[in-house]
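Asker: What follows is a protein structure lacking sequence information:
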């Protein structure tokens, strides 16, 4: 019994030390993030969705793109996802696409979340935070509105209401 407790405590200690080392490493080796801003061309990327399909942002030229960065653990993200889905269903045939970029989570967690809320838009997996870093995203949720020419017209951080999502989608409708 004592050996088992000691092994468990050792494992927990090792995990905590690893987390602290990783956090220090990540904070001291990161380059200063530059956030993509309104007026900039949206950085192009290729990410895979839950079904294994590749999505390249530049393939959506000619359409407005509601680019949302989120996580399953993020309560504001969880609250806005059904609203984004509702508006996606209204705007998808009007030239507005939603690309929801999940940050650093397992396929199982993201798939379970998507099924729970019946999400119909593409959910892209940014396993190594490369796209998040390219856009300079810090806080989640974060949304970029990209026009039909690939230019960012707005950046918003924080939870969105359904009315705001509708207005944002109207603003990028081609």
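Answerer: Now that the structure is in, tell me what you want to look at. Keep in mind that what you see is a predicted model, and the values were worked out from it rather than measured.
Asker: any idea which residue sits dead centre in this protein?
Answerer: residue 69 (2.2 Å; CA atoms, centre = their mean).
Asker: State the mean pLDDT of whatever helix or strand it lives in.
Answerer: For residue 69, the host element (DSSP states H and E) is strand 64-70. The average pLDDT within strand 64-70 is 98.
Asker: and it, what other elements does it pack with?
Answerer: helix 75-91, strand 96-103, helix 130-135, strand 142-146, helix 162-172 (3 or more CB pairs under 8 Å, 6 or more residues apart in numbering; DSSP states H and E). (Each C-beta comes from the backbone N, C-alpha and C, glycine too.)
Asker: okay, those in TSV with mean neighbour count and mean pLDDT next?
Answerer: Formatted as TSV, the helices and strands packed on strand 64-70 follow (neighbours: other CB atoms under 10 Å; pLDDT from 0 to 100):
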stretch	mean neighbour count	mean pLDDT
helix 75-91	18	97
strand 96-103	24	97
helix 130-135	18	94
strand 142-146	24	97
helix 162-172	17	97
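Asker: Among these, which comes closest to residue 109?
Answerer: strand 96-103 (8.6 Å; CB to CB).
Asker: Can you name every helix or strand that that closest one contacts?
Answerer: Secondary elements touching strand 96-103 (3+ CB pairs under 8 Å, 6+ apart): strand 64-70, helix 75-91, strand 123-126, helix 130-135.
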